[in-house]
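>>> Below is the sequence, then the predicted model.
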Amino acid sequence: MKYVSLPTQEIGVETELFVRAPSEIIKLLLDQAAGYMARTKDPSHGLDHLNHMLKDANRFLTAMGDQYEIDKEVLLLSLYWHDVWKSQHKPALGNYLFQQLYEGWGSMSMFRKCARLVGLSSRITGAVSYAIRKHSAIQIRPAKTLEAQLLWDIDTLDLWNAQRTRALFRNLRGANVSLLDSYLLYMQKVGFRLNFEWTKNEAQKIKPLFFKEMSKFRANLMNGKKSPQPVFLQTKVTSTKWNLNNKL
């Protein structure tokens, strides 16, 4: 086995990638995506989110072994690129619905443009583009490929990341206790569709701690005496090594 440390570590992405022979093209694309995430305007869609997902994807692959034939190059590119469009737009109450509708298409378009510039194969480009497009919160049909399904599941798991949710509410203009209460009620009642038993089990493990931490955060907001302001809710606002021990 050969472990290759990617240059993305220099800007905070803690990554060790095991592949047969990582191409310079894929390294360039990973570095480009990490650069976008490092310059994020959205505190809930930056390097912390990326690192969380890399860690959980590694845990999934380690636990599952060779049970699923997942293309790790497609998965890795999808993880890095799925939120690059969102990272370049500051979230606000007025643009949340648009962001939820467009985020998949926006990131896919940015990825496809860069993939063409560096000469990535059409097979990998198509598979990554599909996974990125299907990760958006608002979907009519579920994802069909394993890579797209796992991207969805890993991204959904990070919804129950208390640190990430606190960062979102602290930086979202107009956020207050009323909004937080509505969001937490939504998180308690909604049934997120997950594709793999592993991610379903992980979600059940982390939910209690998430709501415990959010209770503390709510108390802090109450002490701040912010006035209530009802708004609609986003469905998906949502550290840490990637260490693939499975052969490609």
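That came through, no problem. Numbers count the residues shown, from 1 in each chain.

>>> From W81, how far out is the residue lying closest to P142 once chain neighbours are set aside?
Distance criterion Cβ to Cβ, 6 or more residues apart in numbering; nearest residue to P142, sequence neighbours excluded, is R193 at 6.8 Å. The C-beta positions use only the backbone N, C-alpha and C, and glycine is treated the same way. Distance of R193 to W81, given as Cβ to Cβ, to the nearest Å: 22 Å.

>>> which one of the two has more residues nearby?
W81 (29 against 12; other Cβ atoms under 10 Å).

>>> Report the separation between the more buried one and I25.
According to Cβ to Cβ, W81 stands 14 Å off from I25.

>>> Kindly report the same for K216.
Counting by Cβ to Cβ - K216 and I25 are separated by 45 Å.

>>> What distance do you get for Y80 to D56?
14 Å.

>>> who has more neighbours, these two?
With neighbours defined as other Cβ under 10 Å, Y80 and D56 compare such that Y80 has more, 27 against 24.

>>> how about that one, what does it touch?
Counting by Cβ atoms under 8 Å, 6 or more residues apart in numbering, Y80 makes contact with 29-30, 33-34, 37, 50.

>>> if you set the cut-off to 10 Å instead, what comes out?
Applying Cβ atoms under 10 Å, 6 or more residues apart in numbering to Y80 gives the contacts 8, 13, 15, 26, 29-34, 36-37, 50, 53-54, 111, 128, 132.

>>> circling back: which of K216 and I25 has more neighbours?
Set side by side, K216 and I25 show more neighbours around I25, with 15 against 10, by other Cβ under 10 Å.

>>> Quick check: closest non-adjacent residue to that one.
Using Cβ to Cβ, 6+ apart, the closest residue to I25 is V118 (4.9 Å).

>>> Near the one you found, how many residues? Count them for me, please.
Counted with other Cβ under 10 Å, residues neighbouring V118 total 14.

>>> Next: the one 3 residues further on.
Neighbour count of S121, defined by other Cβ under 10 Å: 12.

>>> is it true that it touches L29?
No: S121 is not in contact with L29 according to Cβ atoms under 10 Å; the separation is 11.7 Å.

>>> what touches both of these two?
Jointly contacting S121 and L29 under the rule Cβ under 10 Å, 6+ apart are 23, 73, 115.

>>> wait, which of those residues is closest to L159?
Using Cβ to Cβ, E73 is the member of the shared contacts of S121 and L29 that lies nearest L159, at 26.1 Å.

>>> wouldn't that closest one be in contact with I124 here?
Yes: judged on Cβ under 10 Å, E73 makes contact with I124 at a distance of 6.2 Å.

>>> Of the two, which one has the most company?
E73 (22 against 18).

>>> In space, what's closest to the most centrally placed residue in the chain - neighbours in sequence excluded?
Per Cα atoms, centre = their mean, the C-alpha nearest to the average position across the chain is that of D155, at 4.0 Å. Distances taken as Cβ to Cβ, 6+ apart place H135 nearest to D155, at 5.6 Å, with adjacent residues excluded.
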